[in-house]
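Undergrad: return a 3D structure for these sequence lines:
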Amino acid sequence: MFCIGIDWADDHHNIYVTSDDSAQRLDSFQIKHSYQGLQLLKSKVEKLTPDKSQVIFALEKSQGLLAGFILQQGYTLYSINPKAVDRYRDRYRSSGAKDDDFDALVLANILRTDRTRFQPLLPDSPLVREIRILVQDENTFIRQLTRLTHQLDASLKEYYPVARELFCDLAQPITLDFLESFPTPESTQQLTSVHLREFLKEHHYRRLNRTSQLYEKITRPQMPVEPFITRAKSHQMLTLVKQIRSLLKSMAEYDRLISELFQQHPDHEIYESLPEAGAG
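TA: Numbers count the residues shown, from 1 in each chain. Below you'll find the predicted structure:
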């Protein structure tokens, strides 16, 4: 069995090859993260043996073009958690390996000595892989939304703290619409209880009995803020609101795409029947 460890990087990858029989370095080389680099890897591996069942790979990164390429070629790929790699490093400190291929050596030897402790990755269908990519990308946008919402909250604290107390979530249409309609404490001076109730009804606000309470909160005297601070921070606030709106729209489109693809999966009814399948 040939064991190949790959130390992944953004623009290149270090490769180390050993085997169950020799436990010695059979080859080590570097490839670029490019089409030519992947073809070089393929060529070198094919020279080891034509039997793909006798070649196994180890990577710390289980997604991406490199992992996908290895699986598409029909090879077995193990994804080794970086913490596990850390635990194995001391075994091979005296191996004589160069610094740039040391982690690749460690990964290859993990396969050689302890691969039964790890599960190989199974190649997914294109449909499942597309869903996974969309979910991962949407999670990135969710983190961005959290960051922008924290920034919006911090901005309001500086000049308009009452706006933080009106609704349960800053990153929702009713809050964003209110902030755009009334971007400063001064802009609420012409607001009446009737207008507020109409605004709430337009947004299908379920707690209309709180209209008077909200109105009192909005119109009560606020902490004084110098005009130049209000001008500057309200500009930042409106910029953040636009960014949050755009992000929410994009995330809704991601939800739609993921749902459509999920419905195409042959086992979607089984997954949907699992407990808390809709929780997120």
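Undergrad: quick one: the helices in the stretch 151-280 of the chain?
TA: Along the stretch 151-280 of the chain, counting by DSSP state H, counting those that start in this stretch, helices occupy 173-181, 193-202, 211-219, 227-264, 268-272.
Undergrad: indicate which one of those helices is closest to residue 29.
TA: Comparison of the helices of the stretch 151-280 of the chain against residue 29 by C-beta to C-beta identifies helix 227-264 as nearest, at 38.4 Å. Using the backbone N, CA and C atoms, a C-beta is placed for each residue, glycine as well.
Undergrad: packing partners for the closest one?
TA: Secondary-structure packing of helix 227-264 (3 or more C-beta pairs under 8 Å, 6 or more residues apart in numbering; DSSP states H and E): helix 126-159, helix 173-181.
Undergrad: avg pLDDT for that helix?
TA: Mean pLDDT, helix 227-264: 94.
Undergrad: next one: stretch 115-124
TA: Stretch 115-124 carries an average pLDDT of 81.
Undergrad: rewinding a little: lowest average pLDDT across the helices and strands packed on helix 227-264?
TA: helix 126-159 (a mean of 92).
Undergrad: ranking the helices and strands packed on helix 227-264 by burial, who's on top?
TA: Looking across these with neighbours counted as mean count of other C-beta atoms under 10 Å, the highest average goes to helix 173-181: a mean of 17.
Undergrad: return the list of helices and strands in contact with that one.
TA: Judged by 3+ C-beta pairs under 8 Å, 6+ apart, helix 173-181 is in contact with helix 193-202, helix 227-264.
Undergrad: that one: how far from the chain's middle?
TA: A distance of 28 Å separates the centroid of the chain from that of helix 173-181, by C-alpha atoms, centre = their mean, to the nearest Å.
Undergrad: next one: stretch 151-159
TA: With C-alpha atoms, centre = their mean, you get 26 Å for stretch 151-159.
Undergrad: contacts for it?
TA: Applying C-beta atoms under 8 Å, 6 or more residues apart in numbering, the contact partners of stretch 151-159 are 163-164, 170-171, 184-185, 225, 229-230, 233-234, 236-237, 240-241, 244.
Undergrad: stretch 244-251 now?
TA: Stretch 244-251 is contacted from outside by 138, 141, 142, 144, 145, 148, 149, 152, 170, 171, 173, 176, using C-beta under 8 Å, 6+ apart.
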